[in-house]
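# coords please:
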Amino acid sequence: MSYFKHHVFFCCNQRDGGQDCCNAMGASTAFAWTKERIASLGRSGAGAIRVSKAGCLGRCDIGPTLVVYPEAVWYTYVDQEDLEEIIQEHLIGGRPVERLRRE
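Model prediction:
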């Protein structure tokens, strides 16, 4: 059994020279909002959900990216409504959000 039920990694990579990167698409803000939201729901910590920053996850081509483990479900998102849907449906409800899922 994993220490965390879910571990969410946000790509927060910043590339030089104007190359596409998740951080330029608001990833650090999305990470901070999600981490605070999970805590406000009382869902952080051992046996629950951990939200972490990651360096480059190599998927900037699909937009700002996060991945949820242990399921290895990759998502892209646009706004807090998308992130809230991932929280409620996947992280709490156990059902991946197919409309935001990327392979």
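# quick one: contacts for the closest residue to residue 100 other than its chain neighbours?
Ranked by Cβ to Cβ, 6 or more residues apart in numbering and with sequence neighbours excluded, the top spatial neighbour of residue 100 is residue 75, at 4.7 Å. Glycine gets a C-beta too; all of them are placed from N, C-alpha and C. Contact partners of residue 75, counting by Cβ atoms under 8 Å, 6 or more residues apart in numbering, are 65-68, 82, 86, 97, 100-102.
# Top of these by number of neighbours, please.
Neighbours here are counted as other Cβ atoms under 10 Å. On that basis the top member of the contacts of residue 75 is residue 66, with 27 neighbours.
# What residues are bridge-paired with the residue nearest the centre of the chain?
With distances taken as Cα atoms, centre = their mean, the residue of the chain nearest its centroid is residue 66 (3.6 Å). Applying DSSP bridges to residue 66 gives these bridge partners: residue 10, residue 75.
# That one is in contact with residue 8, isn't it?
Yes. Under the criterion of Cβ atoms under 8 Å, residue 66 makes contact with residue 8 at 5.9 Å.
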